[in-house]
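>>> I would like to see how this sequence folds:
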Amino acid sequence: MNKDSAARPNGRRRPVNIQALGIVIAAVVIFLGLGLLNPNFLNINNLRDVAVSACVNALIGIGLTFVIVTGGIDLSVGSIASFVGIVSADLMVNAGVSPVAALLVGLVLGFAAGVVNGLLITLLKLPPFIATLGTMSIYQGLAYVTTNGTPVYNVPSSFVFMLNSYIGGIPIVVVVVIVVAILAWLLLRRTVFGQNVIATGGSEETAWLSGIRVNRVKLLVYGISGLLAALAGMVVVARISAAQSEAGSPYLLTAIAAAVIGGANLMGGEGRIGGTLIGALILGGLTNGLVLLNVPSFYEQIVTGAVVVVAVAVDQMSKGWPMLRRGKGDTDKGAAPGAPAAAEAPGTSADQASGSSGTSPRTGASL
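Residues are numbered from 1 along each chain as shown. Have a look, this model is predicted:
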């Protein structure tokens, strides 16, 4: 018996994740196809540019992956990136704050903005779409108010160096994304918190009945989303050595697209950090390839939308269209397909369990 067989029950090998493999194959096919259409695409320097251009989508997409796994959505990430970018730049240029301090303030501000989203969703019971749609406008307005809509120029070179230089020929921002992705993967797949995130997305009621503090989980995932959106916003500032009030807005849809292409299920309960990275690379490669092929820039949105539609359609088709089955009531009240019903003690119903604490699983889970 070899080591691989011994490591698994009954000597069975771990099944291959077809969807994850499909995303990798799709990325390879797209990159090779663009390379055939324009040999310059596969040039090392150009591939490095693709990686750098994908970094902002990757950072925001990783944060969104946590949110989407819980069954939520965060439409405010682009505005948070804009808001934090303009505030951090204004602190450095007009208030004399050091680059490191400005970076830390920006990260804290982004996390706080994400937590505000979480509070609106958990305490006021607003749907995530509505809550973050509102804060998207609020944070974008704050970005304009901060400098009266005026761009901030002359960002200190030391700040630019922190996020837009090279280490041994490798862009620092790529290293940052890799480190963030590894930490995010460990958090989602190797910690109790990560298990709670997945359980919350699979079935919020079942997670609550299992003792998971669902509201606390949601607060933290929205905080993580805001934190990484803030980091992405400051990466944009370092890249152009200036801050603009709407610089982060264009990344909202592409970051969501990166997560969805990477396998994040908008119904909740499923998402992959590695898949999000590949999704961001696919979008970065397509954008770069269209430029090399002299395709007008407005076609980029058409291609991005088509890729997202195809990715979601293939994902649903591979699973037997669970969204349609859920609509027909084949699954347990929002539980993930195949998820077991909530366990109950003999003679105790879910209503009785919630009544004993004076709260409802859907409306009163404690922080």
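>>> enumerate every residue touching the spatially closest residue to residue 97 that is not a sequence neighbour.
The spatial neighbour of residue 97 that comes closest, neighbours along the chain excluded (C-beta to C-beta, 6 or more residues apart in numbering), is residue 91 at 4.0 Å. In this view, the C-beta of every residue, glycine as well, is placed from N, C-alpha and C. Taking C-beta atoms under 8 Å, 6 or more residues apart in numbering, we find residue 91 in contact with 97, 101, 102, 105.
>>> same question, residue 184
Per C-beta under 8 Å, 6+ apart, neighbours of residue 184: 62, 65, 66, 273.
>>> show the pLDDT at residue 19.
Predicted confidence (pLDDT) for residue 19: 70.
>>> please apply the same query to residue 5.
At residue 5, pLDDT is 44.
>>> next: the one 5 residues further on.
We note a pLDDT of 52 for residue 10 in this prediction.
>>> do you know how far the residue nearest the centre of the chain is from residue 195?
A centroid search over the chain (C-alpha atoms, centre = their mean) returns residue 64, at 2.3 Å, as the residue closest to the centre. Using C-beta to C-beta, to the nearest Å, we find residue 64 at a distance of 19 Å from residue 195.
>>> buried ones from the contacts of residue 184, can you make that a PyMOL selection?
The PyMOL command for the buried members of the contacts of residue 184 (criterion: 16 or more other C-beta atoms under 10 Å) is given here:
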select buried, resi 62+65+66+273
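>>> just flag the most distant two among the contacts of residue 184.
Greatest spatial distance among the contacts of residue 184 (C-beta to C-beta): 66 and 273, at 9.0 Å.
>>> bridging residues for residue 152?
residue 243 (DSSP bridges).
>>> where's it relative to residue 104, distance?
18 Å.
>>> with residue 260 instead?
With C-beta to C-beta as the criterion, residue 260 and residue 104 are 31 Å apart.
>>> contacting residues around residue 116?
Residues counted as contacts of residue 116 (C-beta under 8 Å, 6+ apart) are residue 135.
>>> got the buried residues for the helix or strand harbouring it?
According to DSSP states H and E, residue 116 maps onto helix 99-122. Across helix 99-122, burial judged by 16+ other C-beta under 10 Å covers 99, 102-103, 105-107, 109-111, 113-122.
>>> and the helices in the stretch 251-367 of the chain?
Listed in chain order, the helices of the stretch 251-367 of the chain (DSSP state H, counting those that start in this stretch) span 251-261, 273-292, 299-318, 322-327, 350-357.
>>> coming back round to it: distance check, the residue nearest to the centre of the chain against residue 232.
Using C-beta to C-beta, residue 64 is found at 11 Å from residue 232.
>>> try residue 101
Distance from residue 101 to residue 232, by C-beta to C-beta: 19 Å.
>>> likewise residue 188?
For residue 188 relative to residue 232 (C-beta to C-beta), the value is 19 Å.
>>> quick one: which of these two has more around it?
residue 232 (32 against 22; other C-beta atoms under 10 Å).
>>> how many other residues sit next to the nearest residue to that one once chain neighbours are set aside?
Nearest residue to residue 232, sequence neighbours excluded (C-beta to C-beta, 6+ apart): residue 59, at 4.1 Å. Residues contacting residue 59 under the criterion other C-beta under 10 Å number 32.
>>> how is residue 59 assigned, secondary-structure-wise?
helix (DSSP: H, G, I helix; E, B strand; the rest coil).
>>> didn't it look like it was pressed against residue 178?
No: with contact defined as C-beta atoms under 8 Å, residue 59 does not reach residue 178; the gap is 11.1 Å.
>>> all the strands of the chain, in order from the start?
For the chain, the strands defined by DSSP state E cover 166-167, 170-171.
>>> helices or strands next to the last one in the packing?
Taking 3 or more C-beta pairs under 8 Å, 6 or more residues apart in numbering; DSSP states H and E as the contact definition, the neighbouring helices and strands of strand 170-171 are helix 44-69.
>>> show me how far the helix it packs on is from its chain's centre.
9 Å (C-alpha atoms, centre = their mean, to the nearest Å).
>>> buried ones in that helix?
46-47, 50-69.
>>> between helix 273-292 and it, find me the angle.
Helix 44-69 runs at 130 degrees relative to helix 273-292, counting by axes from the mean of the first three to the mean of the last three C-alpha atoms, to 10 degrees.
>>> show me where pLDDT drops low in the stretch 1-150 of the chain?
1-18 (pLDDT under 70).
>>> repeat the analysis, applying 90 as the threshold.
1-24, 26 (pLDDT under 90).
>>> could you find the closest non-adjacent residue to residue 53?
residue 284 (4.5 Å).
>>> give me the neighbour count for residue 316.
So residue 316, with other C-beta under 10 Å, has 15 neighbours.
>>> residue 179 now?
Other residues close to residue 179 by other C-beta under 10 Å number 10.
>>> and it, what does it touch?
So residue 179 contacts nothing (C-beta under 8 Å, 6+ apart).
>>> tell me which residues of stretch 165-178 come out buried.
171, 172, 173, 174, 176, 177.
>>> then stretch 203-216?
Buried residues in stretch 203-216 (16+ other C-beta under 10 Å): 203, 204, 205, 206, 207, 208, 209, 212, 213, 214, 215, 216.
>>> and the residues you listed as JSON lines, adding distance to residue 236?
Output for the buried residues of stretch 203-216, formatted as JSON lines (distance: C-beta to C-beta, whole Å):
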{"residue": "203", "distance to residue 236": "37"}
{"residue": "204", "distance to residue 236": "34"}
{"residue": "205", "distance to residue 236": "39"}
{"residue": "206", "distance to residue 236": "40"}
{"residue": "207", "distance to residue 236": "36"}
{"residue": "208", "distance to residue 236": "38"}
{"residue": "209", "distance to residue 236": "43"}
{"residue": "212", "distance to residue 236": "35"}
{"residue": "213", "distance to residue 236": "34"}
{"residue": "214", "distance to residue 236": "33"}
{"residue": "215", "distance to residue 236": "32"}
{"residue": "216", "distance to residue 236": "31"}
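>>> I'm done for today, thanks for sticking with me.
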